[in-house]
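1. Pasting the sequence and the predicted coordinates here, then a few questions.
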Amino acid sequence: MKIETERLILRKLEEQDVERMFLMDSDPEVMKYIGVPVLTDINESKNVIRMIQKQYEENGVGRLGVVEKESGHLIGWSGLKLLTHETNGYKNVLELGYRFLPESWGKGYAVESGLASLDYGFNELNAEVIYAYAHSEHDASNHILRKLGFEKTGEFEEPDGICFWYELKRENYHRK
């Protein structure tokens, strides 16, 4: 599976992505609002990639690696996954997420890849609703979700603080 946008290629994560994934997941700024510890061993990133690959097989969907066309580098991941563990009372629903290396922040890549993922979810997977959530203090992520058209519909508590819960219904999705 591959999705192309003007500046990005979204594709399944591969073993060869491990160094760039570890660079991202070992960065305290990247992981600040994620609610999981910073990774300290590259083997942990190998396990993350394997876990996502398992999601592709079991659920038919999972986060996709985001490659910047200009540089050819993996700059993060974005996309939909099936929430198989209950989150804010929801389970077996599609959730949009993204994570990028700091060098690519502020360039509109989260919105660009998010729109491509929403198009895929509504048009290819025939989703009626797609959900998302972000830590209440993560201003950039909350801004991105609102820019994508998500509506905040609630809040819930995680061990590291309050998260805002968002939803976007098919009938309210208008490609920006």
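-> Nice, thanks for sending it over. Numbers count the residues shown, from 1 in each chain.
2. which helix in this protein runs the most residues?
-> helix 42-59 (DSSP state H).
3. What is the neighbour count of the closest residue to Gly89 other than its chain neighbours?
-> Ranked by Cβ to Cβ, 6 or more residues apart in numbering and with sequence neighbours excluded, the top spatial neighbour of Gly89 is Phe156, at 7.9 Å. Where C-beta positions appear, they are placed from N, C-alpha and C, glycine not excepted. Number of residues near Phe156 (other Cβ atoms under 10 Å) recorded here: 13.
4. Could you look up the SS state of Phe156?
-> Applying DSSP: H, G, I helix; E, B strand; the rest coil to Phe156 yields a three-state assignment of strand.
5. In this structure it contacts Tyr131, no?
-> No: using Cβ atoms under 8 Å, Phe156 is not in contact with Tyr131; the gap is 11.7 Å.
6. hey, what's in contact with both of these two?
-> Trp165 (Cβ atoms under 8 Å, 6 or more residues apart in numbering).
7. Spell out the residue ranges of the strands in this structure.
-> Counting by DSSP state E, the chain has strands at residues 2-4, 8-12, 64-68, 74-82, 94-100, 129-135, 151-158, 161-169.
8. could the ones you listed go into TSV alongside distance to Gly106 and mean pLDDT?
-> Output for the strands of the chain, formatted as TSV (distance: least, Cβ to Cβ, whole Å; pLDDT from 0 to 100):
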stretch	distance to Gly106	mean pLDDT
strand 2-4	22	96
strand 8-12	15	98
strand 64-68	14	98
strand 74-82	12	98
strand 94-100	10	98
strand 129-135	17	97
strand 151-158	23	95
strand 161-169	21	96
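9. out of these, nearest to Met21?
-> Of all these, strand 74-82 sits nearest to Met21, with 7.3 Å by Cβ to Cβ.
10. That closest one pairs with which strands, parallel or anti?
-> strand 64-68 (antiparallel), strand 94-100 (antiparallel) (DSSP bridges).
11. and Val36, how many neighbours does it have?
-> Val36: 10 neighbours (other Cβ under 10 Å).
12. does Gly62 really touch Gln55, like I thought?
-> Yes: with contact defined as Cβ under 8 Å, Gly62 counts as touching Gln55 (3.5 Å).
13. So these two - more neighbours on which side?
-> When neighbours are counted by other Cβ under 10 Å, Gly62 and Gln55 differ, and Gly62 comes out ahead with 21 against 17.
14. Next up, the contacts around that one.
-> Lys12, Leu13, Ile52, Gln53, Gln55, Tyr56, Gly79, Leu80, Lys81.
15. looking at those, which has the most residues close by?
-> Result: Gly79 is most packed of the contacts of Gly62 (other Cβ under 10 Å), 28 neighbours.
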